[in-house]
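Asker: missing the sequence, but the structure's below:
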């Protein structure tokens, strides 16, 4: 039996969710976007384009809300009549909390809040899920973990931890890309062509991440394993330690967390 998933808002994130699921069998997919052109690439993957948000909510059992935060109230009002207890609403709208979501659906269906990060665009996302709605059944929770597990790593979190998740993992690709750019710049400075330096650095991060995933060693031990006595690596590591790289990363995440909490109060 196929799982019906519909997405209201098919921009970067909504489109990535539908495109990612389209690569897997067992999904009946549909979507709506105000700009119809954004749906055309998805239609070639088998996603049905529907005329409005209400139609998506009527057709799908898992209704993904992926519109801009300021659009959520109007869109939820439009699709609400099509909701029922056999459906589940999954919101990836940034900054729209569970209280606002549950009030907007008026108890018609369970609500789940989801926070993704941009590597979901390539099927390697990290998704935080708030499963705090008491109306959500264990079976529906497991279904959502199965669906979004096709697109990356799923982490259940209380809503109170969502800002911390956003500061660390939601914003995390920006930190990683900044480090990658610095290494590419160093490679060019040493005489490498930009394109080859970028290829090397991308492979470096991919391989290092896989090592960290597969190894039970502490991250500092993995670092130390690369450092030979009086070698070039320890010289580079010493320079990073003197610059306080670890502290700078901590400061970046804490600054993002503080700004996130300020935004929640605005």
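Answerer: Structure's in. What do you need? Bear in mind that the values here come from a model prediction, so they are computed numbers and not experimental data.
Asker: all helices for the chain, in order.
Answerer: Along the chain, counting by DSSP state H, helices occupy 12-22, 40-43, 53-59, 72-79, 98-105, 138-149, 162-165, 172-189, 194-214, 219-226, 232-243, 245-265.
Asker: Contacts only, for the residue positioned nearest the centre of the chain.
Answerer: The centre of the chain sits closest to residue 116, judged by C-alpha atoms, centre = their mean, with a distance of 2.0 Å. With contact set as C-beta atoms under 8 Å, 6 or more residues apart in numbering, residue 116 has these partners: 13, 17, 92, 125, 126, 127, 128, 152, 170. Yep, even glycine has a C-beta here, placed from its N, CA and C like the rest.
Asker: Touching, the first one and residue 65? I think so.
Answerer: No - under the criterion of C-beta atoms under 8 Å, residue 13 lies out of contact with residue 65, with a separation of 10.7 Å.
Asker: Those two - which one has more neighbours?
Answerer: Set residue 13 next to residue 65 and count neighbours by other C-beta atoms under 10 Å: residue 65 wins out with 28 against 22.
Asker: Which residue, neighbours along the chain excluded, lies closest to that one?
Answerer: residue 91 (4.4 Å; C-beta to C-beta, 6 or more residues apart in numbering).
Asker: ends of stretch 206-221, how far apart?
Answerer: Chord length of stretch 206-221, first to last residue, is 18 Å (C-alpha to C-alpha, to the nearest Å).
Asker: actually stretch 122-138, sorry about that
Answerer: In stretch 122-138, first residue to last residue: 28 Å (C-alpha to C-alpha).
Asker: Quick one: mean pLDDT over it.
Answerer: Per-residue pLDDT over stretch 122-138 has a mean of 95.
Asker: what's it in contact with?
Answerer: With C-beta under 8 Å, 6+ apart, stretch 122-138 has contacts from 16, 20, 23, 85, 88, 98, 102, 107, 109-120, 141, 144-145, 148, 150-159, 161-162, 165, 169.
Asker: same deal with stretch 80-90?
Answerer: So stretch 80-90 is in contact with 54-55, 57-58, 60-65, 101, 104-106, 108-114, 135-136, 140, 143-144, going by C-beta under 8 Å, 6+ apart.
Asker: Mind doing that once more with 6 Å?
Answerer: 54, 57-58, 61-64, 105, 108-112, 114, 140 (C-beta atoms under 6 Å, 6 or more residues apart in numbering).
Asker: again with stretch 55-62
Answerer: Contact partners of stretch 55-62, identified using C-beta under 6 Å, 6+ apart, comprise 4-6, 8, 30, 32, 50, 63, 79, 82-83, 87-88.
Asker: Relative to residue 262, which of the residues you listed is nearest.
Answerer: residue 8 (28.6 Å; C-beta to C-beta).
Asker: what sits opposite that closest one in the beta ladder?
Answerer: Under the criterion DSSP bridges, residue 8 forms beta bridges with residue 32, residue 65.
Asker: Could you list the low-pLDDT ranges of this protein?
Answerer: Where the chain drops to pLDDT under 70, the residues are 1, 266.
Asker: hmm, try it at 80
Answerer: 1, 264-266 (pLDDT under 80).
Asker: how close does the residue nearest to residue 65 sit to residue 253?
Answerer: To residue 253, residue 91 is 24 Å away according to C-beta to C-beta, to the nearest Å.
Asker: Kind regards, and thank you for your time.
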